[in-house]
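**Student:** My questions concern the predicted model and sequence given below.
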Amino acid sequence: MTAILKAVLGAAVISAASTLWAQTPAATAPAGPSSPAKKELVARLLKLQQPGLESMGRSLAEQPAAQLMQQAGSALQRVPAERREALARDIEADVRKYTEEAIPILQAKASKLAPLTLGLTLEERFSEDELRQLLVLLESPTFRKFQGMSSEMQRNFAAKMVEDSRPEIEPKVRTMEQSVSRRLAAALPAPAGSASRPNAPNAPAAPAAPANRP
C-alpha cells in the first residue's frame, strides 16, 4: 500500500474522534439561564464524553508526527543504504519521544477546555429537560455498545474502501507521483560532478524529492 493510501486510511480513523460533537445541530435560541442543576447535568455529559476527548487529544498530537514520518520516509530513500536503517531508528526514537510528551499535554488540555467550550454550549442551548434526555440516551447500554464499536466499524469500513479502490486509485497515485517527481527533478540543480546531457532522449527520471522541498 502506498504512503498516500495509508494516509487516507489514517485520516478515516482519526475522524472517529469527532463522534457526538461533530453532529451538534445548528445554532438555536438559548434554552434559558444556567443553574446548579444544569451544571451538574452538563458535568455528567462531559464525563461520558471523556474517552472521546482523550482520543481527540491523541489524534491532534499524532497528526504532525505522522506527517513528519511520511516526509522522512521519502527522504530516507536518498540516504546511503548503509546509513539508512540506523537513521530510521533515530528518527523513530525522536517521534516516539515527541508523542509520549505531547499526547498527555493535549489530553489534559482537552479535559480542561471541555467545560469552558462544550460545557458552556450545552448550558446555553439545552434546557434541563433536554439534558436529562441526552443523559438517558448516552447512558443507555445499547447506545454505549454502539459508541464503543464505532471506531472498529469505521476502521473496517475505511480498510475495505482502501482495498476495493486500490486497483483504480493506485495507478492515479503513481501517475501523480511520477509527474511531481519529474517536475521536481527538472527544477532541482544537478548533483555536483554529474555530467549534464541536455536534450538526451529517454533520460531516466531523478529520484523523487520530499514533497515539502521547495
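**Tutor:** The structure has been received and is ready for your questions.

**Student:** Check which helices and strands the longest helix along the chain sits against.
**Tutor:** If you go by DSSP state H, the chain has its longest helix at helix 141-187. Here helix 141-187 touches helix 3-14, going by 3 or more C-beta pairs under 8 Å, 6 or more residues apart in numbering; DSSP states H and E. All C-beta spots, glycine's among them, are computed from the backbone N, C-alpha and C.

**Student:** Tell me the first helix or strand C-terminal of the helix it packs on.
**Tutor:** Moving toward the C-terminus from helix 3-14, the next helix or strand (DSSP states H and E) is helix 36-48.

**Student:** And for that following helix, what's in contact with it?
**Tutor:** Helix 36-48 is touched from outside by 53, 114-115, 118-119, 122-123, 128, 131-132, 134-135, 138-139, with contacts defined as C-beta atoms under 8 Å, 6 or more residues apart in numbering.

**Student:** Residue 90: neighbour count?
**Tutor:** 10 (other C-beta atoms under 10 Å).

**Student:** Report the buried residues of the strand or helix carrying it.
**Tutor:** Here residue 90, judged by DSSP H and E, is contained in helix 81-114. By neighbour count on 16 or more other C-beta atoms under 10 Å, the buried set for helix 81-114 is 91, 95, 99, 102-103, 106-107, 110, 114.

**Student:** coming back round to it: check the contacts of helix 36-48 against residue 178 and report the nearest one.
**Tutor:** residue 53 (42.3 Å; C-beta to C-beta).

**Student:** List the contacts of that closest one.
**Tutor:** Counting by C-beta under 8 Å, 6+ apart, residue 53 touches 46, 107, 110-111, 114.

**Student:** Is it part of a helix or strand, or is it coil?
**Tutor:** helix (DSSP: H, G, I helix; E, B strand; the rest coil).

**Student:** thinking again about what came up before, please identify which two of the buried residues of helix 81-114 are farthest apart in space.
**Tutor:** Within the buried residues of helix 81-114, two members stand farthest from each other by C-beta to C-beta: 91 and 114, at 33.7 Å.

**Student:** Throw the buried residues of helix 81-114 into CSV and include pLDDT and distance to residue 153, thanks.
**Tutor:** Converted to CSV, the buried residues of helix 81-114 look like this (pLDDT from 0 to 100; distance: C-beta to C-beta, whole Å):
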residue, pLDDT, distance to residue 153
91, 91, 33
95, 92, 29
99, 92, 25
102, 94, 28
103, 94, 24
106, 93, 25
107, 93, 24
110, 92, 23
114, 93, 25
